[in-house]
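[1] How does the following fold in three dimensions:
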Amino acid sequence: QVPRAPSQPLAGSESRRFTNKHSKKALKASLTLGILLGMFFVAWLPFFVTNVAQAVCGCVPAGFFDVLTWLGYCNSTMNPIIYPLFMRDFKRAMGKFLPCCRRSGEPRPSAISLSMRNSNSGARAATSLKNVL
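    From the prediction side, this is the model:
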């Protein structure tokens, strides 16, 4: 589709569809962020509160402190599970690099092609490298 000029207003149904599409993306991003932050607070807040209590009164048993520490560590293991569940772009990107998630006919990108793509330099980098040498 060709973008419209700023002077042309969008048609009513096209404008609603554009708004609905972005609203759904924003809602999904907010949901993912809310889940990630909620899990972070549930996992790490007890650890930090207990840590402060331990510093003030020294009344926290070592075993309980270890359990809360490992609860926080478990939060870190949940992030790689949560991202692919809620973010399609993340799932696609990881599928390109993990052999277990790649489609059978899809080749693995090489490090050079990734570097060239990320630098936005394309063929110009090879040309400028020849000029330097």
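[2] quick one: secondary structure of residue 100?
    coil (DSSP: H, G, I helix; E, B strand; the rest coil).
[3] Look up how far residue 50 lies from it.
    38 Å (C-beta to C-beta, to the nearest Å). To be clear about C-beta, it is placed using only N, CA and C from the backbone, and glycine gets the same treatment.
[4] out of those two, which sits in the more crowded spot?
    The neighbour comparison of residue 100 against residue 50 (other C-beta atoms under 10 Å) goes to residue 50, with 18 against 6.
[5] ok, and the closest non-adjacent residue to residue 31?
    residue 86 (6.9 Å; C-beta to C-beta, 6 or more residues apart in numbering).
[6] And residue 60, its phi and psi?
    phi -100, psi 130 (degrees, to the nearest 10).
[7] what about it, distance to residue 83?
    33 Å.
[8] And the average pLDDT for stretch 40-56 is what?
    For stretch 40-56, mean pLDDT rounds to 93.
[9] thinking again about what came up before, so the residue nearest to residue 31 makes contact with residue 28?
    Yes. Counting by C-beta atoms under 8 Å, residue 86 does reach residue 28; the two are 6.8 Å apart.
[10] Packing partners of the longest helix anywhere in the chain?
    Criterion DSSP state H: the longest helix present in the chain is helix 12-57. Secondary-structure packing of helix 12-57 (3 or more C-beta pairs under 8 Å, 6 or more residues apart in numbering; DSSP states H and E): helix 62-86.
[11] what's the angle between whatever helix or strand comes next after the helix it packs on and helix 12-57?
    Per DSSP states H and E, the first helix or strand lying C-terminal to helix 62-86 is helix 88-97. Using axes from the mean of the first three to the mean of the last three C-alpha atoms, to 10 degrees, the direction of helix 88-97 lies 80 degrees away from that of helix 12-57.
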